[in-house]
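# What would the 3D arrangement of this be:
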Amino acid sequence: FSFFSALPPELRCLIWEEALPGEIAPAVFFFEPGCWRREDEGSHPALRFCHERLDRVPWEIALAFVNHEARRIALPWSQKQGLQLRSCTSSDPVFVHAFRPASDALYIRPADWDLAITGIIDRIEQPDLVDQSVSTSVSSIPHIAMSETLFRNNVAFFQEILDSFNVPRILLVVFDSPLDPVSVERKDQNQIGVQQRRWQLDGLCGGAFFWDNNLNRFHFRSNGQHCRSDAVARLAEDLEELLRVY
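Sure, this is the predicted structure:
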């Protein structure tokens, strides 16, 4: 408003601080080939899925581009959040953050399905690992996500993903996924290493399946929101099929 500049500096700073974004929501990172890195453990080599190599995800902080005063408030906040500022040749700089294992999810697109399965094999066949006993570790990737279509069409082969990623703690199945078309993530040559768009998780829209050790089966728990019963039934059948395969 027109009288903002006339306010005391201390009050303006408080207003700028209140205008900062809220907590950074869990984000979706897209699977990238070439993330397996050798890390020798004792006398045996090991491969670790290096999530540090995944493309960064953008996070908008409009406050940083209002004026110098607002920028002085926004930059220290962004650093505390682990954000980095990437410069671009054709647009304003963009804030990005790396994969956070505790909250973010690794999304496997249909186009990347084969790469996700064969990535370890291809790395093990490299000259430095041929004829050696190699262990794998992806403990830093507890959340794996994929579209319902990909999950349903590949239940019989899903064991290979479970073997490669050591059974993720949480598997997110996305219905009516907008993430699959290749055109969605067409690379911007001015932002190499940064996803073109940000996709984030706003919570479990319908609910979740939990494993019952006593009954040896999955149980669905709704979170109280509307959930498509047909989708839940189909997913339950797929999980039962997965158990038979795995």
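
# Counting neighbours, what do you get for Ile144?
Neighbourhood size, Ile144 [other Cβ atoms under 10 Å]: 22. Quick note: C-beta positions are derived from backbone N, CA and C, even for glycine.

# Likewise for the one 4 residues further on?
In terms of burial, Glu148 registers 16 neighbours under the definition other Cβ under 10 Å.

# wait, doesn't it sit right on Leu172?
No: checked against Cβ atoms under 8 Å, the pair Glu148 and Leu172 is beyond contact range at 10.5 Å.

# what are the C-alpha coordinates of stretch 38-53, in PDB please?
Extracted in PDB, the C-alpha atoms of stretch 38-53 (Å, rounded to 0.1, in the frame of the first residue of the first chain):
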ATOM      1  CA  ARG A  38      30.500 -46.900  -6.000                       C
ATOM      2  CA  GLU A  39      31.400 -46.800  -2.300                       C
ATOM      3  CA  ASP A  40      33.800 -49.500  -1.100                       C
ATOM      4  CA  GLU A  41      32.800 -51.000   2.200                       C
ATOM      5  CA  GLY A  42      35.700 -53.000   3.700                       C
ATOM      6  CA  SER A  43      36.900 -55.700   1.200                       C
ATOM      7  CA  HIS A  44      33.700 -55.600  -0.900                       C
ATOM      8  CA  PRO A  45      32.500 -52.900  -3.200                       C
ATOM      9  CA  ALA A  46      29.000 -51.400  -2.800                       C
ATOM     10  CA  LEU A  47      26.700 -49.300  -4.900                       C
ATOM     11  CA  ARG A  48      24.600 -46.500  -3.300                       C
ATOM     12  CA  PHE A  49      21.800 -44.700  -5.000                       C
ATOM     13  CA  CYS A  50      23.200 -41.100  -4.800                       C
ATOM     14  CA  HIS A  51      20.100 -38.900  -4.500                       C
ATOM     15  CA  GLU A  52      22.400 -35.900  -4.500                       C
ATOM     16  CA  ARG A  53      22.600 -36.300  -8.300                       C
END
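
# Can you tell me what sits against that stretch?
Under the criterion Cβ atoms under 8 Å, 6 or more residues apart in numbering, residues 29, 32, 34-37, 98-99, 101, 106, 120, 123-124, 128-129, 132-138, 140-141, 165 lie in contact with stretch 38-53.

# go again using 6 Å as the cut-off
35-37, 99, 123, 129, 132-138, 140-141 (Cβ atoms under 6 Å, 6 or more residues apart in numbering).

# Next, the buried residues of that stretch.
Pro45, Leu47, Arg48, Phe49, Cys50, His51 (16 or more other Cβ atoms under 10 Å).

# Let me know the average pLDDT across that stretch.
For stretch 38-53, mean pLDDT is 80.

# still on that earlier bit, looking at the contacts of stretch 38-53, which one is closest to Ile24?
Phe99 (12.3 Å; Cβ to Cβ).

# Among the contacts of stretch 38-53, show me the least confident.
Val138 (60).

# on that earlier part again, among the contacts of stretch 38-53, the buried ones, what's the PyMOL command?
The PyMOL command for the buried members of the contacts of stretch 38-53 (criterion: 16+ other Cβ under 10 Å) is given here:
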select buried, resi 35+36+99+123+136+138+141
